[in-house]
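1. coords please:
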Amino acid sequence: VPTGPQWKESPQPFACSIEDPTKQTKFKGIKTYISYRVTPSHTGRPVYRRYKHFDWLYNRLLHKFTVISVPHLPEKQATGRFEEDFIEKRKRRLILWMNHMTSHPVLSQYEGFEHFLMCADDKQWKLGKRRAEKDEMVGAHFMLTLQIPNEHQDLQDVEERVDNFKAFAKKMDDSVLQLTHVASELVRKHLGGFRKEFQRLGNSFQSISQAFMLDPPHRSETLN
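-> Alright, predicted model coming up:
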């Protein structure tokens, strides 16, 4: 069975841990932020990154790889940024995001990503950051990297493939939007009406447990 285009496997697969979210300050306490210890497996050397550094990397990836789906970072939050639950939840989501990045055979090889994972010096960080931001091979310029086949191509076959891909892209776009809408509605219902229904169900089971308590000689300890 013929398969479609595939990315080449990463020549150097690796993973990356995100740990130890720590509250830090700068400018004599005027500015407060959370830093994360980021440790790539292929170097074993940790670097410390703030959320804004992840955000910078995310935007560079969007500009550089317009034909690759880059998942969103966890959303920003204006209030409660330093609450323990929020910090832990953000860390878990950053780990999921990072797992996707390191497992992708193209995104994981990006020079800007390598800079993000390995640069521990502030001065070198700024230099590498500017270098990545000056990269001209972004956006539609990726077309310049495409190679035209040397052999003759059948026009009808090419047009058919383009039409098929066009139909696929539109269907995929519409389907993802629909899935996002349905999932959002389901979340809303679980936070509202469904939540109350589950509470009622739980109260019913609790009532049954209380009924067993009224019959001490025959009650079931495992239900209490």
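
2. now do the helices in the chain.
-> For the chain, the helices defined by DSSP state H cover 51-64, 84-103, 111-118, 122-133, 155-191, 193-213.

3. next, the angle helix 51-64 makes with the fourth one.
-> Translated: helix 122-133. Per axes from the mean of the first three to the mean of the last three Cα atoms, to 10 degrees, the angle that helix 122-133 makes with helix 51-64 is 30 degrees.

4. now do helix 122-133: which elements does it pack against?
-> Secondary-structure packing of helix 122-133 (3 or more Cβ pairs under 8 Å, 6 or more residues apart in numbering; DSSP states H and E): helix 51-64, helix 111-118. Quick note: C-beta positions are derived from backbone N, CA and C, even for glycine.

5. with distance to residue 74 and mean neighbour count added, can I get the ones you listed in CSV?
-> Shown next, in CSV, are the helices and strands packed on helix 122-133 (distance: least, Cβ to Cβ, whole Å; neighbours: other Cβ atoms under 10 Å):
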stretch, distance to residue 74, mean neighbour count
helix 51-64, 8, 17
helix 111-118, 17, 19
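
6. hang on, the earlier thing: could you say which of the helices of the chain is packed most deeply?
-> Across the helices of the chain, averaging neighbours per residue (mean count of other Cβ atoms under 10 Å) puts helix 111-118 on top, at a mean of 19.

7. quick one: contacts of that one?
-> Residues outside helix 111-118 that contact it (Cβ atoms under 8 Å, 6 or more residues apart in numbering): 16, 38, 40, 43, 45, 47, 49, 53, 56-57, 60-61, 64, 101, 107, 125, 128-129, 132, 135.

8. which regions of the protein lie under the pLDDT threshold?
-> The model of the chain has pLDDT under 70 over residues 1-2, 217-224.

9. domain parsing of it, as residue ranges.
-> Domains of the chain are assigned by automatic domain parsing as 16-140, 163-224.

10. relative to the whole chain's centre, how far out is the longest one?
-> Centroid separation for domain 16-140 versus its chain: 11 Å, with Cα atoms, centre = their mean, to the nearest Å.

11. ends of it, what's the gap?
-> End-to-end span of domain 16-140 (Cα to Cα, to the nearest Å): 30 Å.

12. what about residue 43? Give its phi and psi, please.
-> phi -120, psi -30 (degrees, to the nearest 10).

13. ok, the closest residue in space to it that isn't next to it in sequence to residue 105 distance?
-> Closest residue to residue 43 apart from its sequence neighbours, by Cβ to Cβ, 6 or more residues apart in numbering: residue 118 at 6.2 Å. Using Cβ to Cβ, to the nearest Å, we find residue 118 at a distance of 19 Å from residue 105.

14. buried ones in stretch 134-151?
-> Within stretch 134-151, the residues that count as buried by 16 or more other Cβ atoms under 10 Å are residue 138.

15. for that stretch, which outside residues touch it?
-> In contact with stretch 134-151 (Cβ under 8 Å, 6+ apart) are residues 63, 64, 65, 66, 67, 112.

16. switch to 10 Å and redo it
-> For stretch 134-151, contacts defined as Cβ atoms under 10 Å, 6 or more residues apart in numbering pick out 60, 62-68, 110-112, 132, 158.

17. what's near enough to touch residue 105?
-> Contacts of residue 105 by Cβ under 10 Å, 6+ apart are 6, 7, 8, 9, 10, 11, 13.

18. ok so, going back, dump the helices and strands packed on helix 122-133 into CSV; add distance to residue 24 as well.
-> Converted to CSV, the helices and strands packed on helix 122-133 look like this (distance: least, Cβ to Cβ, whole Å):
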stretch, distance to residue 24
helix 51-64, 12
helix 111-118, 18
